[in-house]
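J.: return a 3D structure for these sequence lines:
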Amino acid sequence: MELLIIIVQKVDYERLSIVFKQHRILATKFETEGLYLNKRNVTLMVCVEKEREEEILRYIKQNCTERVEECKVSEYNGRTIVDVVRGVKVGGATVFKIDVDNMWKF
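T.: Reported below is the predicted structural model:
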């Protein structure tokens, strides 16, 4: 059994959650926020049998897309920290996989 921790942008979560529900993939959802861009994210925890891992990763790849957005970021210019508008790659998904030896439901 595997625990997948999946971090996606909120706009990507909308599509992904529909697919997860259609395929009966149970997840625990946390509202999170990145520190660099201060964008809202959703972090999902999914405990899944190893046989379904590739299927879930495929759904994530199909529904969470990378894109470039103009974002205000803070940078140090040698004297002070200033806000600068930059094209930043956002979206996609970050997935962590943790092996689970035991899981109990009470």
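
J.: checking the residue in the chain sticking out farthest from the centre next. Helix, strand or coil?
T.: Relative to the centre of the chain, and counting by CA atoms, centre = their mean, the farthest-placed residue is Arg79 at 34.6 Å. The three-state label for Arg79, taken from DSSP: H, G, I helix; E, B strand; the rest coil, comes out as coil.

J.: what does Glu54 give?
T.: Under three-state DSSP, Glu54 comes out as helix.

J.: and what of Asp12?
T.: helix.

J.: and Tyr13, how many neighbours?
T.: Neighbour count of Tyr13, defined by other CB atoms under 10 Å: 23. No exception for glycine: its C-beta is placed from N, CA and C like everyone else's.

J.: please tell me how far it sits from Lys29.
T.: 8 Å (CB to CB, to the nearest Å).

J.: same check, this time on Glu53
T.: 19 Å.

J.: these two - which one has more neighbours?
T.: More crowded of Glu53 and Lys29, by other CB under 10 Å: Glu53, with 16 against 13.

J.: pLDDT weak spots in the chain?
T.: Applying pLDDT under 70 to the chain flags the ranges 35-38.

J.: now do the helices in it.
T.: 10-22, 53-63 (DSSP state H).
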